[in-house]
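Novice: predicted model follows, preceded by the sequence.
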Amino acid sequence: MPPWVVRRTRPPLLSLRCVDCGSQSATAGEGRFRVNANGRLLDVWLLVGCVSCDRTSKLTVHERVPVRSLDPAELHGYLVNDPRPVAALLLDPLFARRNRFTLDWTGAWRLEATPVRLDQAWPVQVAVVFADPVPVRPDRLIARGLGLSRNEVSRRIKCEVPPRRTRNTGFTFTLLPGD
């Protein structure tokens, strides 16, 4: 059986409070950077927008760093608003902690699952692969892929990882026959 694949469909929203409207969601949108030079020192910010009032806020990427300390390719990516550094920054836990936001993955991923055939020999072993590091609980993922309730998943699944603990790396599980 081919593996199930978890893919990101869009960048996640940021759980970040807006100072104007009080909304708790922001988006990095297209991924724009602001680079400010002060002599030989640079400030680099990632611009994010509130999803409710569209107010722009800045998340600090680099603060008062010498120009020569940055990799030229990295600096070029900031100057041309390359989307790759945006994705890398959003997934960086140190960047999130420093700028006091968390990621909201609701609706930002999909599961590409091949259906389990009922005429197969039981038990059925399924491998789950993460194309992107989307944090998801295995019991919810398996319930979505099989179309079962989470209660039934807990009865019919044997898994090497804790099913109620969020993870973003691959795992395998065994589906046992129903009663």
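Specialist: Structure's in. What do you need?
Novice: list the contacts for A88?
Specialist: By CB atoms under 8 Å, 6 or more residues apart in numbering, the contact list for A88 is empty. Every C-beta, even on glycine, is put in place using the N, C-alpha and C of the backbone.
Novice: helix or strand: which one has it?
Specialist: Counting by DSSP states H and E, the element that carries A88 is helix 83-90.
Novice: how far out from the middle of the chain is that helix?
Specialist: 11 Å (CA atoms, centre = their mean, to the nearest Å).
Novice: and the next helix or strand after it, average pLDDT?
Specialist: Remark: after helix 83-90, the chain's next helix or strand is helix 93-98, criterion DSSP H and E. What helix 93-98 shows for mean pLDDT is 94.
Novice: can you point out the buried residues in the next helix or strand after helix 93-98?
Specialist: The first helix or strand that comes after helix 93-98 along the chain, using DSSP H and E, is strand 102-104. In terms of neighbour count (16 or more other CB atoms under 10 Å), strand 102-104 has its buried residues at 103-104.
Novice: put the alpha carbons of the helix or strand just after strand 102-104 into CSV.
Specialist: For strand 102-104, the following helix or strand on the C-terminal side (DSSP H and E) is strand 109-112. Taking Å, rounded to 0.1, in the frame of the first residue of the first chain, the C-alpha atoms of strand 109-112 are listed here in CSV:
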residue,chain,number,x,y,z
TRP,A,109,-2.8,21.0,5.1
ARG,A,110,-4.4,18.1,3.4
LEU,A,111,-4.0,14.3,3.6
GLU,A,112,-3.4,12.4,0.5
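Novice: could you point out the helix or strand that follows strand 109-112?
Specialist: strand 124-130.
Novice: what are the buried residues along the helix or strand following that following strand?
Specialist: Per DSSP H and E, strand 124-130 leads on to helix 138-146 as the next helix or strand towards the C-terminus. Across helix 138-146, burial judged by 16+ other CB under 10 Å covers 138-139, 141-146.
Novice: list the buried residues in the helix holding A88.
Specialist: Those would be 85-87, 89-90, for helix 83-90 by 16+ other CB under 10 Å.
Novice: which of those sits closest to S25?
Specialist: L90 (13.7 Å; CB to CB).
Novice: please tell me how far the spatially closest residue to V86 that is not a sequence neighbour sits from V161.
Specialist: Spatial nearest neighbour of V86, chain neighbours left out: G31 (3.3 Å); criterion: CB to CB, 6 or more residues apart in numbering. Distance of G31 to V161, given as CB to CB, to the nearest Å: 32 Å.
Novice: and the two? Which one has more around it.
Specialist: Neighbour comparison, G31 and V161: the larger count goes to G31, with 20 against 14 (by other CB atoms under 10 Å).
Novice: so the more buried one touches Y78, yeah?
Specialist: No: counting by CB atoms under 8 Å, G31 stays clear of Y78, with 10.3 Å between them.
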